[in-house]
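S.K.: Attaching a predicted model along with its sequence, questions to come.
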Amino acid sequence: MTTTLPLDQQLCFALYSVSNAVVRLYRPLLQPFDLTYPQYVVLLALWQQDNVTLGNLGRATLFDSGTLTPLVKKLEQKQLLQRVASPNDERVKQVVLTPAGKALQARVSGVMQALRCQVAMDDQQLSQLRQLARQLQQQISEAASCTPVPADTR
(Lines give C-alpha, C1' and ligand atoms only; values in the text may rest on other atoms or scores of the structure.)
Protein backbone atom coordinates (compact mmCIF):
# COMPACT_ATOMS: atom_id res chain seq x y z
CA MET A 1 0.00 0.00 0.00
CA THR A 2 1.38 3.40 -0.95
CA THR A 3 0.57 6.57 0.90
CA THR A 4 0.66 10.15 -0.19
CA LEU A 5 3.14 12.64 1.18
CA PRO A 6 1.96 14.69 4.17
CA LEU A 7 0.53 18.08 3.24
CA ASP A 8 3.57 20.00 4.46
CA GLN A 9 5.77 17.95 2.09
CA GLN A 10 3.63 18.51 -1.01
CA LEU A 11 5.20 20.87 -3.57
CA CYS A 12 1.76 21.83 -4.86
CA PHE A 13 0.65 22.98 -1.41
CA ALA A 14 3.85 24.96 -0.78
CA LEU A 15 3.42 26.79 -4.09
CA TYR A 16 -0.31 27.33 -3.55
CA SER A 17 0.12 28.71 -0.03
CA VAL A 18 2.98 31.08 -0.95
CA SER A 19 1.05 32.30 -4.00
CA ASN A 20 -1.94 33.11 -1.80
CA ALA A 21 0.30 34.84 0.73
CA VAL A 22 1.89 37.05 -1.91
CA VAL A 23 -1.48 38.01 -3.38
CA ARG A 24 -2.67 38.89 0.14
CA LEU A 25 0.37 41.19 0.51
CA TYR A 26 -0.58 42.96 -2.72
CA ARG A 27 -4.22 43.50 -1.71
CA PRO A 28 -3.75 46.54 0.59
CA LEU A 29 -1.11 47.98 -1.73
CA LEU A 30 -3.42 47.86 -4.77
CA GLN A 31 -6.63 48.81 -2.96
CA PRO A 32 -5.97 52.59 -3.16
CA PHE A 33 -5.88 52.19 -6.96
CA ASP A 34 -9.06 50.06 -7.02
CA LEU A 35 -7.16 47.15 -8.55
CA THR A 36 -7.13 43.44 -7.87
CA TYR A 37 -3.92 41.49 -8.32
CA PRO A 38 -5.06 39.89 -11.62
CA GLN A 39 -6.03 43.34 -12.95
CA TYR A 40 -2.57 44.59 -11.94
CA VAL A 41 -0.97 41.70 -13.85
CA VAL A 42 -2.89 42.69 -17.00
CA LEU A 43 -1.79 46.29 -16.61
CA LEU A 44 1.83 45.26 -16.01
CA ALA A 45 1.76 43.33 -19.28
CA LEU A 46 0.24 46.29 -21.14
CA TRP A 47 2.73 48.75 -19.66
CA GLN A 48 5.44 46.50 -21.06
CA GLN A 49 3.74 46.09 -24.46
CA ASP A 50 0.69 48.19 -25.31
CA ASN A 51 -1.74 47.68 -28.21
CA VAL A 52 -1.70 43.88 -28.28
CA THR A 53 -4.27 41.31 -29.28
CA LEU A 54 -6.27 39.55 -26.59
CA GLY A 55 -4.44 36.36 -27.56
CA ASN A 56 -1.02 37.92 -27.07
CA LEU A 57 -2.15 39.44 -23.79
CA GLY A 58 -3.27 35.99 -22.66
CA ARG A 59 0.10 34.51 -23.59
CA ALA A 60 1.93 37.29 -21.71
CA THR A 61 -0.17 36.93 -18.54
CA LEU A 62 -0.77 33.17 -18.77
CA PHE A 63 -4.51 33.83 -18.29
CA ASP A 64 -6.93 31.76 -20.35
CA SER A 65 -9.66 33.58 -22.24
CA GLY A 66 -12.28 32.72 -19.60
CA THR A 67 -10.19 34.57 -17.01
CA LEU A 68 -8.77 37.31 -19.21
CA THR A 69 -11.97 38.54 -20.87
CA PRO A 70 -13.73 39.54 -17.61
CA LEU A 71 -10.53 41.23 -16.38
CA VAL A 72 -10.23 43.25 -19.58
CA LYS A 73 -13.92 44.18 -19.46
CA LYS A 74 -13.58 45.35 -15.85
CA LEU A 75 -10.50 47.44 -16.67
CA GLU A 76 -12.38 48.85 -19.65
CA GLN A 77 -15.24 49.86 -17.32
CA LYS A 78 -12.65 51.62 -15.15
CA GLN A 79 -11.52 53.45 -18.32
CA LEU A 80 -7.95 52.14 -18.01
CA LEU A 81 -7.96 50.37 -21.36
CA GLN A 82 -10.14 49.81 -24.37
CA ARG A 83 -10.71 47.02 -26.85
CA VAL A 84 -10.63 48.07 -30.47
CA ALA A 85 -10.98 46.15 -33.69
CA SER A 86 -7.69 45.36 -35.36
CA PRO A 87 -7.15 47.39 -38.53
CA ASN A 88 -6.17 44.15 -40.31
CA ASP A 89 -9.07 41.99 -39.13
CA GLU A 90 -12.18 43.38 -37.41
CA ARG A 91 -12.76 40.03 -35.69
CA VAL A 92 -9.48 40.43 -33.78
CA LYS A 93 -9.57 42.73 -30.76
CA GLN A 94 -6.58 44.83 -29.77
CA VAL A 95 -6.21 45.90 -26.15
CA VAL A 96 -4.97 49.48 -25.81
CA LEU A 97 -4.21 51.51 -22.71
CA THR A 98 -6.14 54.76 -22.31
CA PRO A 99 -4.37 57.92 -21.13
CA ALA A 100 -5.66 57.12 -17.62
CA GLY A 101 -4.24 53.61 -17.88
CA LYS A 102 -0.87 54.95 -18.96
CA ALA A 103 -0.86 57.55 -16.16
CA LEU A 104 -1.65 54.88 -13.57
CA GLN A 105 1.75 53.30 -14.17
CA ALA A 106 3.55 56.19 -12.46
CA ARG A 107 1.03 56.22 -9.60
CA VAL A 108 1.51 52.52 -8.78
CA SER A 109 5.30 52.59 -9.16
CA GLY A 110 5.75 52.34 -5.38
CA VAL A 111 3.81 49.08 -5.09
CA MET A 112 6.80 46.86 -5.89
CA GLN A 113 9.06 48.65 -3.39
CA ALA A 114 6.39 48.45 -0.69
CA LEU A 115 5.99 44.73 -1.34
CA ARG A 116 9.77 44.26 -1.36
CA CYS A 117 9.93 45.73 2.15
CA GLN A 118 7.58 42.98 3.36
CA VAL A 119 9.61 40.10 1.92
CA ALA A 120 12.69 39.22 3.97
CA MET A 121 14.74 37.73 1.14
CA ASP A 122 17.76 39.37 -0.42
CA ASP A 123 17.94 40.20 -4.12
CA GLN A 124 19.93 37.05 -4.95
CA GLN A 125 17.40 34.80 -3.20
CA LEU A 126 14.50 36.50 -4.98
CA SER A 127 16.29 36.16 -8.31
CA GLN A 128 16.89 32.46 -7.71
CA LEU A 129 13.28 31.95 -6.67
CA ARG A 130 12.02 33.70 -9.83
CA GLN A 131 14.37 31.63 -11.98
CA LEU A 132 13.22 28.36 -10.39
CA ALA A 133 9.55 29.37 -10.71
CA ARG A 134 10.01 30.21 -14.41
CA GLN A 135 11.89 26.97 -14.98
CA LEU A 136 9.12 24.96 -13.30
CA GLN A 137 6.43 26.79 -15.30
CA GLN A 138 8.31 26.09 -18.54
CA GLN A 139 8.70 22.41 -17.70
CA ILE A 140 5.01 22.16 -16.82
CA SER A 141 4.09 23.79 -20.14
CA GLU A 142 6.31 21.39 -22.05
CA ALA A 143 4.98 18.39 -20.13
CA ALA A 144 1.37 19.33 -20.97
CA SER A 145 1.84 17.53 -24.27
CA CYS A 146 2.74 14.26 -22.49
CA THR A 147 0.08 11.65 -21.94
CA PRO A 148 -0.48 11.17 -18.20
CA VAL A 149 -0.53 7.70 -16.73
CA PRO A 150 -4.10 6.95 -15.63
CA ALA A 151 -4.61 6.33 -11.93
CA ASP A 152 -5.62 2.89 -10.78
CA THR A 153 -9.32 3.21 -9.95
CA ARG A 154 -9.79 -0.19 -8.42
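M.R.: Happy to help now that I have it.

S.K.: which regions of this protein lie under the pLDDT threshold?
M.R.: Applying pLDDT under 70 to the chain flags the ranges 1-2, 147-154.

S.K.: could you pull out the helices for it?
M.R.: 11-30, 37-48, 54-61, 65-77, 99-107, 110-118, 123-143 (DSSP state H).

S.K.: name the helices or strands packed onto the shortest one?
M.R.: If I follow you right, that is helix 54-61. On a contact count with 3 or more CB pairs under 8 Å, 6 or more residues apart in numbering; DSSP states H and E, helix 54-61 meets helix 37-48, helix 65-77, strand 93-97. (Each C-beta comes from the backbone N, C-alpha and C, glycine too.)

S.K.: try 10 Å
M.R.: Counting contacts by 3 or more CB pairs under 10 Å, 6 or more residues apart in numbering; DSSP states H and E, helix 54-61 is packed against helix 37-48, strand 52-53, helix 65-77, strand 93-97.

S.K.: again, but for the first one
M.R.: Packing contacts for helix 11-30, counted by 3+ CB pairs under 10 Å, 6+ apart, involve helix 37-48, helix 110-118, helix 123-143.

S.K.: among the ones you listed, which is nearest residue 88?
M.R.: helix 37-48 (19.7 Å; CB to CB).

S.K.: Show me what residue 97 is bridged to.
M.R.: Residue 97 has these beta-bridge partners by DSSP bridges: residue 81.

S.K.: how far away is it from residue 84?
M.R.: 11 Å (CB to CB, to the nearest Å).

S.K.: Could you pull out the residues contacting both of those two?
M.R.: Residues touching both residue 97 and residue 84 (CB atoms under 10 Å, 6 or more residues apart in numbering) are residue 51.

S.K.: circling back to that earlier point, mind checking the helices and strands packed on helix 11-30 for the one nearest to residue 5?
M.R.: Of the helices and strands packed on helix 11-30, nearest to residue 5 by CB to CB is helix 123-143, at 17.4 Å.
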